[in-house]
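S.K.: Following is a predicted model, sequence given first.
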Amino acid sequence: MMAAMFEKFSQSDIDIGAGCIRILTAGDGPPLLLLHGYPQSHVMWHKIAHRLAENFTVVATDLRGYGDSFKPPSGDDHEAYSFRAMAADQVAVMGALGHDAFFVAGHDRGARVSHRMALDHPRAVKAMALLDIVPTHTLYRNINQTLATGYYHWFFLIQPFDFPERMIGADPEYYIRRIGGAARSEDCFTGEAMAEYIRCFSDPGTIHATCEDYRAAAGIDLAHDEADIDRKVACPALILWSAAGLMGKNFDMLQVWQEKCEEVSGRGLDCSHFLPEDAPGETYQELKAFFKI
């Protein structure tokens, strides 16, 4: 099933010292790192990864805590699942592959990791594409009823252990399909991709680790963001979003990111939050054109 979705890609686990990160790689050209969102894995790129590999050396990974990557224990501050820790993982992976500088495209949680990576490792990130997010600090500081309703899981997942873990673990397939119900098109999630998402979330370790991700975002990640509140990312940034989604409807997306980045471009797409799966053609074209800068 995986071979069919990622034909010509090679799969391996990269040991970065703290643990192993699952990666798939293929192609030639400038290195391009693809980072997924919640509650998915590298599989979310399967509709466009092979096309990007025609022009780039594509590296698609599972973030720590997700998919088949390692899931470290976490303390009271949830630092092990901070975006800073996740970003350092990915820089280490790319370094192990011989890529000291690279492009990165991130969706959802992967976009937040990408933003932190560009702040913490500016020499590594040549340009970044961020899909359907506003900065974590911006979102938390502008919550209203509409956002809280649509992003209810942000507040559910940060509840103390083990309340969300038990609730999700009671029926992980139902939970994954319910989250996926936000897609606009019926063919957004292929049967193969959905089966992979369900497989990964059937592991209690994944459920717990991803809750820790959100707990970190509500605590230590905000502290990191506040310490960098006046810093701007220097590399070019492409911002893509769902024009009809919560982010597009509640924020001036380009203005928000102009406050955080020196050079910003982008647009809204006619699709749901899951851009690479719901609008693969447009997403591919935007990424290909941008990373040829």
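M.R.: In hand now; what should we look at? Everything quoted here is computed from the prediction, not taken from an experiment.

S.K.: Contacts for stretch 21-32, please.
M.R.: Contacts of stretch 21-32 with the rest of the structure, by Cβ atoms under 8 Å, 6 or more residues apart in numbering, involve 6, 8-14, 42, 49-50, 52-62, 64, 67-70, 89-90, 93-94, 97, 99, 101-105, 126, 291. Using the backbone N, CA and C atoms, a C-beta is placed for each residue, glycine as well.

S.K.: Hmm, I typed the wrong one, I wanted stretch 82-102.
M.R.: Counting by Cβ under 8 Å, 6+ apart, 14, 16-18, 21, 23, 25, 30-33, 35, 57, 59, 61, 63-64, 79, 104, 112-117, 120-121, 123-126, 136, 213, 216-217, 220-221, 224 sit against stretch 82-102.

S.K.: taking the residues you listed one by one, which sit in helices?
M.R.: By the criterion of DSSP state H, membership of the contacts of stretch 82-102 in helices covers 112-117, 120, 136, 213, 216-217, 220-221, 224.

S.K.: Out of those residues, name the two that are farthest from one another.
M.R.: The distance between the two most remote of these (Cβ to Cβ) is 17.9 Å, for 114 and 220.

S.K.: Mind checking which of those two has more residues around it?
M.R.: residue 114 (30 against 19; other Cβ atoms under 10 Å).

S.K.: For stretch 250-269, list every residue counted as buried.
M.R.: 250-251, 253-254, 256-257, 260-261, 264-266, 268-269 (16 or more other Cβ atoms under 10 Å).

S.K.: how far does that stretch sit from the chain's center?
M.R.: Centre-to-centre, stretch 250-269 and its host chain are 17 Å apart (Cα atoms, centre = their mean, to the nearest Å).

S.K.: would you put the C-alpha positions of it in PDB?
M.R.: Provided in PDB are the C-alpha atoms of stretch 250-269 (Å, rounded to 0.1, in the frame of the first residue of the first chain):
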ATOM      1  CA  ASN A 250     -10.800  35.200  10.500                       C
ATOM      2  CA  PHE A 251      -7.400  36.600   9.600                       C
ATOM      3  CA  ASP A 252      -5.800  38.800   6.900                       C
ATOM      4  CA  MET A 253      -3.300  36.000   6.200                       C
ATOM      5  CA  LEU A 254      -0.700  38.000   4.300                       C
ATOM      6  CA  GLN A 255      -0.800  40.900   6.800                       C
ATOM      7  CA  VAL A 256      -0.400  38.500   9.700                       C
ATOM      8  CA  TRP A 257       2.700  36.900   8.200                       C
ATOM      9  CA  GLN A 258       4.100  40.200   7.100                       C
ATOM     10  CA  GLU A 259       4.400  40.900  10.800                       C
ATOM     11  CA  LYS A 260       6.500  37.800  11.200                       C
ATOM     12  CA  CYS A 261       8.500  37.500   7.900                       C
ATOM     13  CA  GLU A 262      10.500  39.900   5.800                       C
ATOM     14  CA  GLU A 263       9.300  38.600   2.500                       C
ATOM     15  CA  VAL A 264       5.800  37.200   2.100                       C
ATOM     16  CA  SER A 265       3.600  36.100  -0.800                       C
ATOM     17  CA  GLY A 266       0.700  33.700  -1.200                       C
ATOM     18  CA  ARG A 267      -3.000  33.200  -1.700                       C
ATOM     19  CA  GLY A 268      -6.100  31.300  -0.600                       C
ATOM     20  CA  LEU A 269      -7.100  28.200  -2.400                       C
END
